[in-house]
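# Give me coordinates for this.
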Amino acid sequence: AWKFPGGLSDPGEDIGNTAVREVFEETGIKSEFKSLISIRQQHRHPGAFGISDMYIICRLQPSSFNISFCQQECLRCEWMDLEELAKTKDTTPITSSVAKLLLYGYREGFDKIDITMREFPAVYTGLFYKLYHRELPDTYKNMTEF
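Purely as a prediction, here's the structure:
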């Protein structure tokens, strides 16, 4: 079955960095993190070390296109047409759903599907956190009074 690249985050590794690293390790494709587009939560996942599993799906922008895939992790690896991937029976429900979501974003604008990230200073001196959310209109971003 066809699926998107993926894997586990290293300790302390940000979501976007994990996605970029995993895509490169599995496909040889260099990319840039653009947004989150979906999250899958599953309890009692056999490969999750006895804890609940969160699978975070990111949208990346490729900066290279020649595939050099990891034969230990993949049987095949190729670029596919999103419409074809959304329709094929040779995939998982999550891959088909994400392909449809990406096709919608590609056709109608990624602002309709993207969950973007902003970094803020934490209450702890010298630390920062990342907040993922749908993009706000400028009138709400710059709001100071209600």
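# Show me what counts as buried in the longest helix seen in the chain.
As assigned by DSSP state H, the longest helix anywhere in the chain is helix 93-108. Within helix 93-108, the residues that count as buried by 16 or more other CB atoms under 10 Å are 95-96, 98-99, 101-103, 105. Every C-beta, even on glycine, is put in place using the N, C-alpha and C of the backbone.
# What average pLDDT does it get?
Mean pLDDT, helix 93-108: 94.
# Name every strand pairing with the helix or strand following it and say which way it goes.
Remark: after helix 93-108, the chain's next helix or strand is strand 116-121, criterion DSSP states H and E. Strand 116-121 has its sheet partners listed here by DSSP bridges as strand 128-133 (antiparallel).
# and Ile56, that one's in a strand?
Yes: counting by DSSP: H, G, I helix; E, B strand; the rest coil, Ile56 is located in a strand.
# Just confirm it contacts Leu36, I think it does.
Yes: with contact defined as CB atoms under 8 Å, Ile56 and Leu36 form a contacting pair (6.0 Å).
# who touches both of those two?
Counting by CB atoms under 8 Å, 6 or more residues apart in numbering, the shared contacts of Ile56 and Leu36 are Ile15.
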